[in-house]
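Novice: requesting a structural model of the entry that follows:
(one chain, ligands or ions: 2)
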Amino acid sequence: MNATVTPTETINPLMLRIAELNVYYGESHILRDVDLSVPQGKMVCLIGRNGVGKTTLLKTIMGLLSPRSGDIEYANRSIVKTSTDKRARLGIGYVPQGREIIPRLSVKDNLLLGLEARPGGRKGNEEIPQSIFELFPVLETMLARMGGDLSGGQQQQLAIARALMGQPQLLLLDEPTEGIQPSIILEIEAAVRRIVETTGISVLLVEQHLHFVRQADYYYAMQRGGIVASGATAELSNAVIQEFLAV
Ligand SMILES: Nc1ncnc2c1ncn2[C@@H]1O[C@H](COP(=O)(O)OP(=O)(O)O)[C@@H](O)[C@H]1O
Ligand SMILES: [Mg+2]
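Specialist: Ligands and ions are numbered 1, 2, ... in the order given. Next comes the predicted model:
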């Protein structure tokens, strides 16, 4: 992480290391020589205005897009040639932008779908761990409801909870507070911070809300598909905030 190596960071091994990544959509060069790392047990936030390539990066980490060049290492092994399913079973959880819960399945069945990502797959007799409801109490009261009948904020909590059901070691969250009312934003923020602090899961977050961005340990700022600034969020300057966040 360039000039910002801290003592903590040298102790924490890297959960994710992206090096010189280049991704195209057809002939459009979207990601340009992207370098980015997520230390184990830390929360890293990727910021940048609309259309700069943040979602493209998360999709490439998940294997939904193939890079033209560069490497992605997860837990010290290259995964660029690994299938999306296998990446999920290796412990990468992904909550896509727009959440994508299944509207016509109950909350409970949406959660149980998350079991598919466990290393051994789904066995059929698993229960939903109480820790999920401690993070997102509202879900426990709505298990029988259809996913599509939940509010936007509740659907987002469901999407994060479903990813946790797969017991990930790295969680990728793409704009989890987009279009969500402020009080729920604070709840989601607190839950994500708590996940990092109590489980040791590493998080790579794409986010526009400054208050949430500040919950992260480190930030990277993206512009036109390249990383143009990075460091500790404690040192986020107003200039960086104004340039890269829609505040
Ligand atoms: N399926 C696609 N085909 C072609 N271009 C795309 C596609 N999806 C996104 N793009 C383009 O790639 C760029 C980056 O998009 P995206 O990664 O979604 O940005 P962000 O998440 O930062 O808003 C944008 O210019 C967008 O128009
Ligand atoms: Mg996006």
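Novice: show me where this structure has helices.
Specialist: Assigned helices in the chain, in chain order: 7-11, 54-62, 84-90, 107-113, 130-135, 137-140, 152-165, 182-199, 210-213, 238-244 (criterion: DSSP state H).
Novice: so which of those comes closest to ligand 1?
Specialist: Set against ligand 1 and scored by C-beta to the nearest ligand atom, the helices of the chain come closest in helix 54-62, at 3.2 Å. The way it works is simple: take the backbone N, C-alpha and C, and place the C-beta from them, glycine included.
Novice: could I get the pLDDT score of the nearest residue to residue 119 once chain neighbours are set aside?
Specialist: Nearest-residue entry for residue 119: residue 89, 5.3 Å, with adjacent residues in sequence omitted and distances by C-beta to C-beta, 6 or more residues apart in numbering. The per-residue pLDDT reported for residue 89 equals 95.
Novice: roughly how far apart are the residue nearest the centre of the chain and residue 238?
Specialist: When C-alpha atoms, centre = their mean is applied to the chain, the residue found nearest the centroid is residue 172 (1.8 Å). Separation of residue 172 from residue 238 (C-beta to C-beta, to the nearest Å) stands at 28 Å.
Novice: and residue 105, by the same measure?
Specialist: According to C-beta to C-beta, residue 105 stands 44 Å off from residue 238.
Novice: looking at these two, which one has more neighbours?
Specialist: Counted by other C-beta atoms under 10 Å, residue 105 and residue 238 do not tie: residue 105 has more neighbours, with 15 against 8.
Novice: I figured the more buried one hits residue 147, correct?
Specialist: Yes: using C-beta atoms under 8 Å, residue 105 is in contact with residue 147, at 5.6 Å.
Novice: for the closest residue to ligand 2 within the chain, give me its contacts.
Specialist: Closest contact between the chain and ligand 2, by C-beta to the ion, is at residue 55 (3.2 Å). Counting by C-beta atoms under 8 Å, 6 or more residues apart in numbering, residue 55 makes contact with 96, 97, 174, 206.
Novice: how about the contacts made by the residue nearest to the first one when sequence neighbours are not counted?
Specialist: Of all residues beyond its chain neighbours, the one nearest residue 96 is residue 174 (5.6 Å), with distances taken as C-beta to C-beta, 6+ apart. Contacts of residue 174 were listed using C-beta under 8 Å, 6+ apart, and they are 54, 55, 58, 94, 95, 96, 97, 206.
Novice: likewise for residue 47?
Specialist: Contacts of residue 47 (C-beta under 8 Å, 6+ apart): 206, 207, 208, 213, 219, 220, 221, 222, 244, 245.
Novice: what parts of the chain come near ligand 2?
Specialist: 54, 55, 97 (C-beta under 5 Å from the ion).
Novice: which one in those residues is the model shakiest on?
Specialist: Taking those together, the minimum pLDDT is found at residue 97 (94).
Novice: report how many residues lie close to that residue.
Specialist: 15.
Novice: so it sits right up against residue 178, yeah?
Specialist: Yes: using C-beta under 8 Å, residue 97 is in contact with residue 178, at 6.8 Å.
Novice: show me what residue 204 bridges to in the sheet.
Specialist: Taking DSSP bridges as the rule, residue 204 bridges to residue 44, residue 172.
Novice: ditto for residue 19
Specialist: In this entry, residue 19 is beta-bridged to residue 71, by DSSP bridges.
Novice: so it touches residue 71, yeah?
Specialist: Yes: using C-beta under 8 Å, residue 19 makes contact with residue 71 at a distance of 4.7 Å.
Novice: how long is stretch 42-50 from one end to the other?
Specialist: 25 Å (C-alpha to C-alpha, to the nearest Å).
Novice: list the buried residues in that stretch.
Specialist: Of the residues in stretch 42-50, 42, 43, 44, 45, 46, 47, 48 count as buried by neighbour count, 16 or more other C-beta atoms under 10 Å.
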